[in-house]
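1. Fold the following, please.
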Amino acid sequence: MNLLLEIITPEKVIYKDEVDEIVTPTVNGEIAILPNHINLLTQITPGELIVKKGSSTESLAITGGFLEVSNNKISILAEYAIKAEDIQVAHAEEAKKRAEKIMSEKTSENDFKIAEGELLKSLLQLKIASKRRRRI
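-> Modelled structure (predicted):
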């Protein structure tokens, strides 16, 4: 394990550990990062971030941000990220319903954009949680 991965959101450090590989969605498509990867700075798009460590694989839902690779260190500054096992499906479904309700009502453009972001986040959480349940 030669890669140090650190995922930071505005609220807290989500992940900090040595890993073997990550697979992440970027603006140019999905990329895998292995030890001794060239230096890289890229934008992350909403999707599933996969972390491989030994024989285990862990998924995270990530809504976007930036990734930097330098000297076997991966730093991710994410708008929002959550580990699959931390996703509470009932809360995500409630958030989805609330966001859809707000978006269907005549709301301000700002409220609509906030609700749209919450809808994206809840749909992503539900997708990642569903994938995790199928793997278990």
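2. what separates the longest helix belonging to the chain from the chain centre, distance-wise?
-> Of all the segments of type helix in the chain, defined by DSSP state H, the longest one is helix 109-135. Distance of helix 109-135 from the chain centroid (Cα atoms, centre = their mean, to the nearest Å) equals 11 Å.
3. Can you point out the buried residues in it?
-> 115, 117-129, 132 (16 or more other Cβ atoms under 10 Å). From N, CA and C alone the C-beta is placed, and that goes for glycine too.
4. and that helix, what other elements does it pack with?
-> strand 47-53, strand 56-62, helix 89-104 (3 or more Cβ pairs under 8 Å, 6 or more residues apart in numbering; DSSP states H and E).
5. so can I have a markdown table of these showing mean neighbour count and mean pLDDT?
-> Shown next, in a markdown table, are these (neighbours: other Cβ atoms under 10 Å; pLDDT from 0 to 100):
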| stretch | mean neighbour count | mean pLDDT |
| --- | --- | --- |
| strand 47-53 | 19 | 94 |
| strand 56-62 | 20 | 91 |
| helix 89-104 | 14 | 81 |
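6. looking at these, which is closest to E11?
-> Distance to E11, taken as Cβ to Cβ, is lowest for strand 56-62 among the helices and strands packed on helix 109-135, at 13.7 Å.
7. Neighbouring strands - and their directions - for that closest one?
-> Here strand 56-62 has these sheet partners by DSSP bridges: strand 47-53 (antiparallel), strand 81-83 (antiparallel).
8. Need the residues that contact the first one.
-> Here strand 47-53 makes contact (Cβ atoms under 8 Å, 6 or more residues apart in numbering) with 1, 5, 7, 15, 17-25, 30, 57-62, 76, 81, 124, 127-128, 131.
9. Pull the distance from it to the chain's centre.
-> With Cα atoms, centre = their mean, you get 8 Å for strand 47-53.
10. contacting residues for the spatially most central residue of the chain?
-> Geometric centre of the chain, nearest residue: I62, 1.4 Å, by Cα atoms, centre = their mean. If you count contacts by Cβ under 8 Å, 6+ apart, I62 has them with 7, 24-25, 44, 46-49, 76, 78, 80-81.
11. so which of those residues would you say is closest to D111?
-> So of the contacts of I62, ranked by how close each gets to D111 (Cβ to Cβ), first place is Y80, at 18.7 Å.
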